[in-house]
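Student: here is the input, now give the coordinates:
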Amino acid sequence: MNEQTSRLNRERRFLVLLGLICVSLIGGALYMQVVLGEAPCPLCILQRYALLFIAVFAFLAAAMPGRRSLTFFEVLVVLSAVGGIIAAGNHVYILANPMVSCGIDTLQPIVDDLPLAKVWPLAFQVDGFCSTPYPPVLGLSLAQWALVAFVLTALLVPLGIYRNRRQA
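Tutor: As a prediction, this is how the structure comes out:
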């Protein structure tokens with residue numbers, strides 16, 4: 001196995017790990033919703049979509065045989081992470097400024113009309129308000145943890161591409 005193949009395999013393993021982490025985060029959100037009774041707001045649901053897109057694109061990227069197709073799906077991972085940054089950043093702002101609304105009257109019908117809300121309403125239908133303060137996890141709100149995860153994804157995936165391919 002040559003050096004380039006080894007680097008691409010390392011990149012693929014990272015993408016599989018990233019996909020598994022995103023699926024686990026969605027599972028954790030569902031646990032908090034069903035068991036702990038924390039109702040998801042429109043921005044929570046949009047963050048779930050971003051996590052789902054990151055996972056799907058990461059798994060597809062890891063399955064791609066060539067560098068170009070791998071890079072294409074990695075770009076989609078980064079774009080999904082940027083979408084997650086926007087949703088989570090807005091959610092963090094709303095939690096810091098409770099007088100600001102997430103626009104549940106505006107966003108709820110839009111989010112609830114997305115295809116996955118019809119297929120799996122438990123996971124992808126709006127049921128709460130963005131300004132509802134839930135107990136922090138290790139000192140950060142869920143929206144802050146999501147923002148950290150999305151920022152790390154948006155930074156680490158391109159860094160991995162650069163590092164693994166600069167000597168190609």
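
Student: report pLDDT for Leu114.
Tutor: We note a pLDDT of 82 for Leu114 in this prediction.

Student: tell me who's in contact with it.
Tutor: Leu114 makes contacts with 49, 124, as judged by CB atoms under 8 Å, 6 or more residues apart in numbering. All C-beta atoms are positioned from the backbone trio N, CA, C, and that covers glycine.

Student: distance of it relative to Gln108?
Tutor: 11 Å (CB to CB, to the nearest Å).

Student: low-confidence ranges in the chain?
Tutor: 1, 101-105, 164-168 (pLDDT under 70).

Student: all helices for it, in order.
Tutor: For the chain, the helices defined by DSSP state H occupy 3-34, 42-63, 67-96, 104-112, 115-119, 121-124, 142-165.

Student: can you get me a residue count around the nearest residue to Ala61 once chain neighbours are set aside?
Tutor: Nearest residue to Ala61 in three dimensions, chain neighbours excluded: Phe73, at 3.4 Å (CB to CB, 6 or more residues apart in numbering). Neighbourhood size, Phe73 [other CB atoms under 10 Å]: 19.
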